[in-house]
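>>> quick one, fold the following:
(chains A and B)
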2 protein chains.
Amino acid sequence: MVLFLIGLGLGDAQDITVKGLAAVKRCSRVYLEVYTSILTEGKEKLEEFYGKELILADRDLVEQGAEEILRDADTTDVGFLVVGDPFGATTHSDLVLRAVHAGIPYRVIHNASIMNAIGCCGLQLYNFGETVSFVFWTETWKPESYFDKICKNRVMGLHTLCLLDIKVKEQSIENMMRGRKIFEPPRFMTVAQAVEQLLQIIQRRREEGEELGMTEDTVCVGVARLGSDDQVIRAAPLRELASCDLGEPLHSLVVTGRLHPLELDMLKVNAQQGALDGVKMADSSTFIS
Amino acid sequence: MVLFLIGLGLGDAQDITVKGLAAVKRCSRVYLEVYTSILTEGKEKLEEFYGKELILADRDLVEQGAEEILRDADTTDVGFLVVGDPFGATTHSDLVLRAVHAGIPYRVIHNASIMNAIGCCGLQLYNFGETVSFVFWTETWKPESYFDKICKNRVMGLHTLCLLDIKVKEQSIENMMRGRKIFEPPRFMTVAQAVEQLLQIIQRRREEGEELGMTEDTVCVGVARLGSDDQVIRAAPLRELASCDLGEPLHSLVVTGRLHPLELDMLKVNAQQGALDGVKMADSSTFIS
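As a prediction, this is how the structure comes out:
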């Protein structure tokens, strides 16, 4: 039989494709991957809409329990549901390879992901460079490598999609050392938190006399709950996004490169729709900073 | 009321989302955009599955007849269907802006597009640089700018998604000059044709002594009809794709950058599934060329 990797798209239960829903219904066992992204609706709502019981698949299960997921997949259909498209995260390549090596055929049912749906903010997908990931900084670990990638993209005039950190089922160091399976509450990085990191990096590098590939005036776009009924898209110079509250997760950020006039027109539309809350749109000449 | 921009995904009629299908059903007029991409099924199949009559929207209608598309959209729902995701092509931003300026609310229903579904070949989306477009060369116009972009991506270790030209409703110069509305048969660039362009550029530049950012040995991935039941994914050194026949449109090509071991493993799987037809997979060391 078949391992189905089914993209759920963004938003809610109804963003699954007709083909994907038909596949879910024929599977005897259906897993829901819950650590690389989330929808605006939880497990129960999805179960109700799909008419199927879902088994939550956290990172441990996918990375270490793949044989459990693939159990009997040679005699029955197994579904593996992923928010967005199934091939956003590396770990799913790993699951596919395990299936292939076990002689289990697999089939991918695609859907929208942040990687292409971000186009709705008005920035052309063709004009994006390499995507970067932001992680939550700790006291002792404040990586900045994504900043250099953003600046490289900007030198070429390209926009950068910034994926913001998700921490689910994380253990405190104390609990981990004591082997206690107690988990911290899930954390989802907000646009404001991501902007705060960027501002700190800019300030530090400026103090050290470095040439800056982006500044507080660089136009950025914060998006929240893309694809859902209450999505928010907010375009503004970086500094003005520091205090924004875009609400519930998930959030993403775009740092713009060179803006085409049509892109700028669309950003302005989205800024208006997004209830600017005091964020002042600069005129177009300062936009290209 | 609302202008719905609805992504159809890749593949066939059933790749629409449940939310998208519900929106189609409530629209009083539904347009099908037919010049930036195609599905494996035509208008009649889609009409049957959606239970709606579709109005074909070519480039002329979308770019010059936007007021016709938006007619009555303030009192009734109008649907605009786009293969893939609605925000792949610039012209649809234009339609959205016209709606906004006419005071018509719009809503986007996302879906998979080649920009994210390409991840299923096994290459990580995070490792793609700027996307490029190939156009059909003519006797007098042989643009090469995409080649420089591919090489720039490769310097940074990044893969490049190459979108291949689509010509629908094109007029011959003679017919255009005589004002005759006679159109040439549609043309869709194949992977083999795209590879032939690359090989010609490489050869010419080598003869002129230029340093080459990619060669005939660079690993490329040809894909055809991605997301459909008979999709083909074929990974091989560039030169071996020159003679490949991946069948019906649409085709796309990826030129790889630096390959991660997991990416290489996935490419090998896809190469095997893709019925290699004499294309010999090089061993992994020559893959990273």
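>>> give me the residues contacting the longest helix seen in chain A.
In chain A, assigned by DSSP state H, the helix with the most residues is helix A:191-207. Helix A:191-207 is contacted from outside by A:134, A:136-137, A:144, A:147, A:162, A:164, A:212, A:214-216, A:220, A:222-224, A:234, A:238-239, A:241-246, A:251-253, A:255, using Cβ atoms under 8 Å, 6 or more residues apart in numbering or on different chains. Heads up, the C-betas are built off the backbone N, CA and C, glycines and all.
>>> which among the residues you listed end up buried?
A:134, A:136, A:147, A:162, A:164, A:214, A:216, A:220, A:222-224, A:234, A:238-239, A:241-242, A:244, A:246, A:251-253, A:255 (16 or more other Cβ atoms under 10 Å in any protein chain shown).
>>> filter the contacts of helix A:191-207 down to the ones near chain B?
With the criterion set as Cβ under 8 Å from any Cβ of the partner chain, no member of the contacts of helix A:191-207 is near chain B.
>>> just the ones in helices from those residues, please.
Using DSSP H, those in helices are A:147, A:238-239, A:241.
>>> okay, stretch A:22-35 in PDB with CA atoms only?
Taking Å, rounded to 0.1, in the frame of the first residue of the first chain, the C-alpha atoms of stretch A:22-35 are listed here in PDB:
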ATOM      1  CA  ALA A  22      -9.900  11.600   0.000                       C
ATOM      2  CA  ALA A  23      -6.500  10.100   0.900                       C
ATOM      3  CA  VAL A  24      -7.000  10.800   4.600                       C
ATOM      4  CA  LYS A  25     -10.300   9.000   4.500                       C
ATOM      5  CA  ARG A  26      -8.800   5.800   3.000                       C
ATOM      6  CA  CYS A  27      -5.900   5.600   5.500                       C
ATOM      7  CA  SER A  28      -6.100   3.200   8.300                       C
ATOM      8  CA  ARG A  29      -3.800   5.300  10.500                       C
ATOM      9  CA  VAL A  30      -3.200   9.000  10.200                       C
ATOM     10  CA  TYR A  31      -0.400  11.000  11.900                       C
ATOM     11  CA  LEU A  32      -0.400  14.800  12.400                       C
ATOM     12  CA  GLU A  33       3.100  16.300  12.500                       C
ATOM     13  CA  VAL A  34       3.000  19.000  15.200                       C
ATOM     14  CA  TYR A  35       6.500  20.500  15.600                       C
END
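>>> so how far is that stretch off the chain centroid?
The chain centroid and the centroid of stretch A:22-35 are separated by 21 Å under Cα atoms, centre = their mean, to the nearest Å.
>>> ok, now stretch A:257-276?
Counting by Cα atoms, centre = their mean, stretch A:257-276 comes out at 21 Å from the chain centroid.
>>> flag every buried residue along it.
Applying 16+ other Cβ under 10 Å to stretch A:257-276 flags A:257, A:259-260, A:263-271, A:274 as buried.
>>> what of stretch A:113-133?
A:113-132.
>>> now, which of those lie close to chain B?
A:113, A:115-117, A:119-120, A:122, A:124-131.
>>> pick the one among the ones in helices among the contacts of helix A:191-207 closest to A:K43.
Proximity to A:K43 was ranked across the ones in helices among the contacts of helix A:191-207 by Cβ to Cβ; first place goes to A:L241, at 31.9 Å.
>>> and the closest one, how close does it get to A:G209?
Note on A:L241: its distance to A:G209, by Cβ to Cβ, to the nearest Å, is 26 Å.
>>> which regions of chain A sit below the pLDDT cut-off?
A:272-289 (pLDDT under 70).
>>> just the strands in it please.
Taking DSSP state E as the criterion, chain A carries its strands at A:3-7, A:29-33, A:55-57, A:78-82, A:106-109, A:132-134, A:160-164, A:166-167, A:187-188, A:219-224, A:232-237, A:251-255.
>>> which stretch among those comes nearest B:E184?
Here strand A:106-109 is closest among these (Cβ to Cβ), at 34.9 Å.
>>> does the closest one reach chain B?
Yes. Using Cβ under 8 Å from any Cβ, strand A:106-109 comes into contact with chain B via A:V108.
>>> which residues sit against that strand?
A:2-7, A:17, A:19-20, A:23, A:86-87, A:96, A:99-100, B:120, B:227.
>>> how about stretch A:37-47?
Residues contacting stretch A:37-47 (Cβ under 8 Å, 6+ apart): A:8, A:10-13, A:15, A:32, A:53-54, A:56, A:81-84, A:88, A:114, A:166, A:188, A:225, A:228, A:230, A:248-250.
>>> chain center to that stretch: distance?
The answer for stretch A:37-47 is 16 Å, by Cα atoms, centre = their mean.
>>> could you list the buried residues of it?
A:37-41, A:46.
>>> ok, and the closest non-adjacent residue to A:R59?
Once flanking residues are discounted, A:R59 sits nearest to A:Y35: 4.7 Å by Cβ to Cβ, 6 or more residues apart in numbering or on different chains.
>>> surely the one you found meets A:V168?
Yes. With contacts counted by Cβ atoms under 8 Å, A:Y35 reaches A:V168, the gap being 5.2 Å.
>>> which residues are in contact with each of those two?
With Cβ under 8 Å, 6+ apart as the test, A:Y35 and A:V168 both reach A:D58.
>>> more crowded one of those two?
A:Y35 (21 against 16; other Cβ atoms under 10 Å in any protein chain shown).
>>> how close does that one sit to A:L158?
For A:Y35 relative to A:L158 (Cβ to Cβ), the value is 29 Å.
>>> need the contact list for A:G7.
Contacts of A:G7 by Cβ under 8 Å, 6+ apart are A:16-17, A:20, A:82-86, A:108-113, B:112.
>>> where does the stretch 51-200 of chain A come near chain B, residue by residue?
A:84-88, A:90, A:93-94, A:96-97, A:100, A:108, A:110-113, A:115-117, A:119-120, A:122, A:124-131, A:133, A:152, A:156, A:158.
>>> so who does the residue lying farthest from the centre of chain A touch?
The outermost residue of chain A relative to its centre, with distances by Cα atoms, centre = their mean, is A:T75 at 34.1 Å. Counting by Cβ under 8 Å, 6+ apart, A:T75 makes contact with A:M1.
>>> the nearest residue in space to A:T76 that is not next to it in sequence: neighbour count?
Spatial nearest neighbour of A:T76, excluding adjacent residues (Cβ to Cβ, 6+ apart): A:S28 at 4.4 Å. Counted with other Cβ under 10 Å, residues neighbouring A:S28 total 13.
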